[in-house]
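Student: Build me a model from this:
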Amino acid sequence: MGNKKEKINLPKEYINTLKNAKELYSHIFSFEIGLRLAIDNHLTEWIGKEWWNIKLAKDMPEIFKYAEEHKKQFFINKIDKSIHNIHFVTIGHLSEIVKKYKETFIPEVFPNLHVFLGHIEYIIKIRNCCCHMHPNIDKEYIKILEAETLILSKIINSKII
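Tutor: Residues are numbered from 1 along each chain as shown. Modelled structure (predicted):
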């Protein structure tokens, strides 16, 4: 039986990208949390405290159902109250939510929908490369992610938080 600290052997190209992936993931993690909370706060202000259970459940039942299914799979018996429903959906779902309720986000948060969608598209592509272990993650990915998240973060922070 092997040492408990052993890791699965990885090809060299994956080992070389591990440091970059770790740096990327920390940016992704903080941006996604901020985006989720900003969307939740904004829609709570515009639609009401029960926007998720009433409005989203009716308007976007597939996203609502996805979140409900993922809540059931949560590994802790009791879900911490600080975890919002919006934490149980994908970043792609977040984009769909912004599109669906664009009348509350445009121009209140984003100058137009294309600004949000253009930047979030790059963020999602880089996020997926990192989270799905793409072996060619390099410093260029980090620079692009930092630039794209900075632009959206500045817009969101100036309007919502």
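Student: list the buried ones in stretch 56-63?
Tutor: 56-57, 60, 63 (16 or more other CB atoms under 10 Å). From N, CA and C alone the C-beta is placed, and that goes for glycine too.
Student: Most widely separated two among those residues?
Tutor: By the measure CB to CB, these have their two most distant members at 57 and 63, which lie 9.1 Å apart.
Student: With adjacent residues omitted, what lies nearest to residue 93?
Tutor: On the basis of CB to CB, 6 or more residues apart in numbering, the spatially nearest residue to residue 93 that is not a chain neighbour turns out to be residue 63, at 5.0 Å.
Student: Now do that neighbour against residue 130, distance only.
Tutor: With the distance defined as CB to CB, to the nearest Å, residue 63 ends up 23 Å from residue 130.
Student: where along this protein do the helices fall?
Tutor: In chain order, the chain shows helices spanning 12-46, 57-59, 61-72, 91-100, 102-105, 113-131, 139-159, with DSSP state H as the criterion.
Student: the inter-axis angle of the third one versus helix 91-100?
Tutor: Angle, helix 61-72 to helix 91-100, by axes from the mean of the first three to the mean of the last three CA atoms, to 10 degrees: 140 degrees.
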